[in-house]
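>>> Pasted the sequence and its predicted model underneath.
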Amino acid sequence: MFEQITERFGTIFRALRGFGRLTEENIKDATRDIRASLLEADVNYGVAKDLVERISSRALGTEVLRSITPGQQFVKICYDELVRTLGEGNHDLDLAARPPVVVLLVGLQGSGKTTSAAKLARYLKEKKHKRAFLVSVDIYRPAALEQLKRLGEGIGVPVYDAQTGDDPIAIAIQALEWARNSAADTLIVDTAGRTHIDEPMMREITALKEALQPREVLFVADAMTGQTAVDVSREFHARVGITGVILTKMDGDARGGAALSIRSVTGAPVKFVGVGEKSDHLELFHPERVASRIFGMGDILTLVEKAQEKIDVENAQKVQKKMLSGGFDLDDFLAQMKMVKSLGSLEDTLSMIPGFGSVLKEVKGKVNLEKEIKKIEAIINSMTREERTNPEILNASRRRRIAAGSGTRVQDINQFMNQYLETKKMMKRLQTMGLGSLMKGIRGIR
């Protein structure tokens, strides 16, 4: 996510930090490069122009030119203005209405409305402790209802089964009554999409809004479509008044233009982003965290939140204690790897750690991190319990057997064991330096 624009911004800012002082000339050069980077990332032209003008106006004032650290001050201005463009503060769903609160999802076909509906239902159920129900009023795509039913079953959320009828409005009204009689808190309505905006589609969405009086009208946009998503969101907002945006496929090769543009073009905040295919891969959109990642500063807050949700803290502390003492075995090593994998894509997880962006850039294309993790898992799983507990007994014949069992080479076993032994040595050194006490202190901070 945002890889292209992050790389370009990094080059620009590194050049600026090299100047002892900033002048109007090098500030103009920098803002020109920033504008070009934004346009290459498919940011709306008007949004890019407005952002660069605000940066220029502040940067050319005494705030930067008289600063002791002008390069850093310029970066801070860019960060502040980017956050402002993305929409300051995160925006959760507005559920302050008499239940069942209706949430209407709209957008083009293929944007991810159905999967987003299920993700949203799971979010409400697990994070907000709401009784969320689902209904599909897409009568044009034969598999739409079946897909939603399957997703609903997977997360334990009821889905209205419209047995008969070809009227989306009637189905929606029946579903609302069903949700009300079932004491539901929220009804999420998955609407039909088209490959492009057409008048019948917009009339249907308008009629649904009038019939259901939704508290939220969320526009679901595929971040991969860039500028197209911005143009479509503008049209939907003009016709039905969207209250928020869900950006899907943000874990792919999206250039980021949609995320940076939709807020400014429609005035509606980006509320959620889809970061994977699974039903729990939906995150609240935090503009300041996104800006931090774009600027290569990581996103440690999101990483901590993920860890708190996915990791067994008590077990993690036991493993950490063993690791810091240098007494951990290969079972502990495997447990740590599984813990990291539970946080999601390894590359995405590492990118949230400040300073790791440049490391990932260097290894990308040379080393497949996910493949290496799977290889190590296969190696450890091919060992006996005794070998995992006491790796020192791994002689040549045992290593040949493990290689055959894991589908790897003896050289791979040797390389991994060298890495494991080096890690043990490093952990012992850290313990000697008093890192164990430091970690206890950090855990005590609230």
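Okay, I see it.
>>> low pLDDT regions in the stretch 51-200 of the chain?
62-70, 163-165 (pLDDT under 70).
>>> Arg239: neighbour count?
Arg239 has 17 neighbours, counted by other CB atoms under 10 Å. Yep, even glycine has a C-beta here, placed from its N, CA and C like the rest.
>>> If you could redo that for Arg8, that was the one I meant.
Around Arg8 there are 17 residues (other CB under 10 Å).
>>> so what's it up against?
33, 36-37, 40 (CB atoms under 8 Å, 6 or more residues apart in numbering).
>>> Including distance to Leu134, pLDDT and secondary structure, could the residues you listed go into JSON lines?
What follows is these, written out as JSON lines (distance: CB to CB, whole Å; pLDDT from 0 to 100; DSSP: H, G, I helix; E, B strand; the rest coil):
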{"residue": "Asp33", "distance to Leu134": "46", "pLDDT": "88", "secondary structure": "helix"}
{"residue": "Ala36", "distance to Leu134": "44", "pLDDT": "88", "secondary structure": "helix"}
{"residue": "Ser37", "distance to Leu134": "40", "pLDDT": "84", "secondary structure": "helix"}
{"residue": "Glu40", "distance to Leu134": "39", "pLDDT": "81", "secondary structure": "helix"}
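>>> Which PyMOL command selects the buried ones in those residues?
The PyMOL selection below is limited to those of the contacts of Arg8 classed as buried (16 or more other CB atoms under 10 Å):
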select buried, resi 33+37
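>>> residues touching the residue lying closest to Ala192 once chain neighbours are set aside, list them.
Nearest residue to Ala192 in three dimensions, chain neighbours excluded: Asp138, at 3.9 Å (CB to CB, 6 or more residues apart in numbering). Shown in contact with Asp138 (CB under 8 Å, 6+ apart): 114, 144-145, 168, 190-193.
>>> Now with 10 Å, please.
109, 113-114, 144-145, 147-148, 168, 171, 189-193 (CB atoms under 10 Å, 6 or more residues apart in numbering).
>>> same thing with Pro269?
86-91, 242-245, 262-263, 285, 287.
>>> among those residues, which are in strands?
Counted as lying in strands by DSSP state E, out of these, are 244-245.
>>> Nearest to the middle of this structure, which residue? Look it up for me.
Val275 (4.1 Å; CA atoms, centre = their mean).
>>> thinking that one is in contact with Thr248, fair?
Yes. Using CB atoms under 10 Å as the test, Val275 is close enough to Thr248 to be in contact (9.1 Å).
>>> Report the set of residues contacting both of these two.
119, 281-282.
>>> State the distance from the residue in the chain sticking out farthest from the centre to Val410.
Here the chain reaches farthest from its C-alpha mean at Ser397, the gap being 45.1 Å by CA atoms, centre = their mean. Separation of Ser397 from Val410 (CB to CB, to the nearest Å) stands at 10 Å.
>>> what do you get for Thr31?
56 Å.
>>> Those two: which is more packed in?
Neighbour count, other CB under 10 Å: between Thr31 and Val410, Thr31 has more, with 20 against 14.
>>> and that one, what helix or strand is that in?
Thr31 belongs to helix 24-40 when assigned by DSSP states H and E.
>>> Check which element follows that helix along the chain.
Following helix 24-40 in sequence, per DSSP H and E, is helix 45-59.
>>> Enumerate the positions of that next one that are buried.
Using 16+ other CB under 10 Å as the test for burial, helix 45-59 gives 47-48, 51-52, 54-56, 58-59.
>>> now stretch 101-109
101-108.
>>> Turn these into JSON lines, columns for distance to Asn414 and secondary structure.
Output for the buried residues of stretch 101-109, formatted as JSON lines (distance: CB to CB, whole Å; DSSP: H, G, I helix; E, B strand; the rest coil):
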{"residue": "Val101", "distance to Asn414": "60", "secondary structure": "strand"}
{"residue": "Val102", "distance to Asn414": "61", "secondary structure": "strand"}
{"residue": "Val103", "distance to Asn414": "56", "secondary structure": "strand"}
{"residue": "Leu104", "distance to Asn414": "59", "secondary structure": "strand"}
{"residue": "Leu105", "distance to Asn414": "53", "secondary structure": "strand"}
{"residue": "Val106", "distance to Asn414": "57", "secondary structure": "strand"}
{"residue": "Gly107", "distance to Asn414": "52", "secondary structure": "coil"}
{"residue": "Leu108", "distance to Asn414": "53", "secondary structure": "coil"}
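>>> mind putting those residues in CSV, distance to Gln227 included?
Converted to CSV, those look like this (distance: CB to CB, whole Å):
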residue, distance to Gln227
Val101, 33
Val102, 31
Val103, 27
Leu104, 25
Leu105, 22
Val106, 19
Gly107, 16
Leu108, 14
